[in-house]
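[1] Fold the following, please.
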Amino acid sequence: MDYTEFLIFVFLGFCLPTSCLRRHFHYVNLTLTWSGARQYCREKYTDLASIRSMEDIRMLERPALNTSHAWIGLSDDPESWKKTTCNDANSWKWSATGQMSASRYTVWLSGEPNNGYLQFCGMMYHDGSWTDEACEDFRSFVCVAGTAVNTKTFVYVPIELRWADARDYCRKNYTDLAVIENSDENTEVYQAKPGSVSVWIGLYRTPWTWTDGSNSLFRNWQSGQPDNSNLHQFCAAENAQHEWSDLDCNTQNTFVCHEDPKGMVVKMKFQTSADMTDPAIDSQFIQQLGALLKRRGLMDIKLQWKIQPRKQENDQEELPGAQCT
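    Next up is the predicted model:
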């Protein structure tokens with residue numbers, strides 16, 4: 001039996017003409033700290049600017065500003081990685097699980113981690129304490145075989161590799177780089193290696209994330225940047241050429257906000273014998289419609305709908321369709 005469906009979509013980032021789909025950037029000629037700029041952008045627009053591509057950069061029209069640098073929405077939050085709170089984007093995680101262990105056990109050397117010289121990987125120092133180190137350094141490492149408590153075996157590998165290569169070696173030959181969840185396991189790893197040697201362990205973090213939660217990996221750093229000069233440069237700003245540097249977050253700078261395009265409600269009507277309450281059919285329909293719109297050049301569109309209960313057959317009113325939120 002065929003049914004007539006009335007679908008109401010809200011296309012996030014959809015408007016006509018196509019140029020309306022673009023994110024709008026706004027330079028603000030006020031001087032604020034990075035967090036002050038973020039608050040201002042969230043109140044007046046959407047957020048501090050997330051810049052996702054060279055196309056976004058070409059859209060930037062920088063006016064005369066009171067400062068040479070303007071904040072953007074990229075930061076490497078020290079409150080996250082210094083406190084090892086694994087719920088935050090920048091915080092430390094174990095490579096075997098992608099998160100910190102439930103015990104939150106750490107044994108950082110005094111003054112560590114400090115991100116000196118851009119250090120995003122974890123190392124066990126020769127005395128058994130931990131430090132953050134540059135991931136491109138060559139070091140020997142300790143792998144773990146097994147993951148369950150009391151069944152782990154730690155194996156020292158004397159080959160010197162970069163952190164990522166050491167991780168891959170451990171995953172191929174054992175389970176992963178060493179995961180240390182308590183003082184007993186830390187002692188086991190310490191005893192597995194030669195006493196005077198510092199080794200890679202499975203601790204790492206992801207630096208530089210966008211304040212609006214965007215997962216874009218696009219970066220446009222100025223040559224030699226970021227450098228974390230004086231160990232307190234954790235916020236990003238652009239120069240007049242739209243190249244980025246890391247700066248002290250408490251510096252007063254002008255800034256760039258972005259404003260996402262407003263949604264647009266679009267009504268559609270079609271006739272089908274398919275059961276649109278079937279999750280598989282629902283998902284397939286959304287994917288196919290999204291792919292069609294993308295081919296037409298409508299990017300960054302999110303489609304959803306919520307199927308509402310169908311009215312009784314003897315009800316002559318218009319059937320409710322699906323509403324996107």
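
[2] so who does the residue nearest to W210 when sequence neighbours are not counted touch?
    Spatial nearest neighbour of W210, chain neighbours left out: S50 (4.4 Å); criterion: C-beta to C-beta, 6 or more residues apart in numbering. C-betas here are computed from N, CA, C, even on glycine. By C-beta atoms under 8 Å, 6 or more residues apart in numbering, the contact list for S50 reads I72, G73, L74, W210, T211, D212, S214, S216, H258.

[3] Of the residues you listed, which is the most crowded?
    Using other C-beta atoms under 10 Å as the neighbour test, the contacts of S50 are led by L74, with 29 neighbours.

[4] Out of the contacts of S50, list just those in strands.
    Among the contacts of S50, DSSP state E puts I72, G73, L74, W210, H258 in strands.

[5] Let me see the contact set for the first one.
    If you count contacts by C-beta under 8 Å, 6+ apart, I72 has them with L48, A49, S50, I51, A236, A237, E238, W244, F255, V256.

[6] can you do 7 Å?
    Residues in contact with I72 (C-beta atoms under 7 Å, 6 or more residues apart in numbering) are L48, A49, I51, A236, A237, E238, W244, V256.

[7] Tell me which two of the residues you listed sit farthest apart.
    The largest separation in the contacts of I72, counting by C-beta to C-beta, is between L48 and W244 at 12.8 Å.

[8] Pick out whichever of those two has more residues nearby.
    Counted by other C-beta under 10 Å, L48 and W244 do not tie: L48 has more neighbours, with 29 against 21.

[9] Quick check, pLDDT for the residue nearest to the more buried one when sequence neighbours are not counted.
    Among residues not flanking L48 along the chain, G73 sits closest, at 3.3 Å (C-beta to C-beta, 6+ apart). If you check G73, the pLDDT there is 97.

[10] One more: the one 3 residues further on?
    Per-residue confidence (pLDDT) for D76: 91.

[11] Report pLDDT for the residue nearest the centre of the chain.
    The centre of the chain sits closest to N215, judged by C-alpha atoms, centre = their mean, with a distance of 4.2 Å. Confidence at N215, expressed as pLDDT, is 84.
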